[in-house]
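J.: task: produce atomic coordinates for the following.
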Amino acid sequence: MLTGFVLFYVGAVLCLNGLWLMGKIEDREIVVINIISALVSLGVVVHDGFVVGTAGSIRNAALSLLFATTYLWVAYNRWSGVDGRGLGWFSLFVAITTVPVFLRGFAEAASATDLWLAANWVVWCGLWFMYFLLLALGRPIQRQTAWVTLFTGIFTGWLPGFLLLDGLI
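T.: Take a look at the predicted model:
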């Protein structure tokens, strides 16, 4: 159930960030969903890292913190008006970090759900790499990044999160 809860808010923030990148939402207004999604992710970090405290849950907490940090950084950038280069370089760090995560996920997959989650890490890797190209290197890919963000939000976050919360998967 906790996975569905988190994915639902990952979907919300990615969908809205995609719309923001398209110019449909103002900079200061996008701060709210990024902070809420960061707080949801931080709740998982605290639960998995400190309450559960197993090796696997601490690993999950560390990976969840990548999401929370990203959302807080987006919120900060939009509130302060900075250009986002720092977030771009952090996004490269995250994209590189996700490579062994999705490789391990595919290698250790014991179910269709495990394969789906590993595939999500591939998609998230690509998305974070696009943020690196857009923000750190200034590549003119904002429109493409916006659409990839929106679709990633729908198919790796909102839809599976909703289905998990409703007990349909």
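J.: was I right to think residue 117 contacts residue 105?
T.: Yes. Residue 117 is within contact range of residue 105, at 6.0 Å (criterion: Cβ atoms under 8 Å). C-betas here are computed from N, CA, C, even on glycine.
J.: helix or strand for the residue of the chain positioned farthest from its centre, which one?
T.: Here the chain reaches farthest from its C-alpha mean at residue 110, the gap being 23.7 Å by Cα atoms, centre = their mean. Assigned by DSSP states H and E, residue 110 belongs to no helix or strand.
J.: so it versus residue 117, what's the distance?
T.: 11 Å (Cβ to Cβ, to the nearest Å).
J.: what of residue 152?
T.: For residue 152, the distance to residue 117 equals 14 Å [Cβ to Cβ].
J.: tell me which of those two has more neighbours.
T.: residue 152 (23 against 19; other Cβ atoms under 10 Å).
J.: which stretches in the chain count as helices?
T.: Ranges of helices within the chain are 2-21, 31-46, 55-80, 85-108, 112-131, 142-153, 159-165, based on DSSP state H.
J.: I'd like to know which elements the first one is packed against.
T.: Going back to what we said before, that points to helix 2-21. Helix 2-21 makes packing contacts with helix 31-46, helix 55-80, helix 142-153, helix 159-165 when contacts are defined by 3 or more Cβ pairs under 8 Å, 6 or more residues apart in numbering; DSSP states H and E.
J.: please name the nearest non-neighbouring residue to the residue nearest the centre of the chain.
T.: The centre of the chain sits closest to residue 67, judged by Cα atoms, centre = their mean, with a distance of 4.6 Å. Nearest residue to residue 67, sequence neighbours excluded (Cβ to Cβ, 6 or more residues apart in numbering): residue 41, at 4.7 Å.
J.: give the contact list for the one you found.
T.: 6, 9-10, 64-65, 67-68, 71 (Cβ atoms under 8 Å, 6 or more residues apart in numbering).
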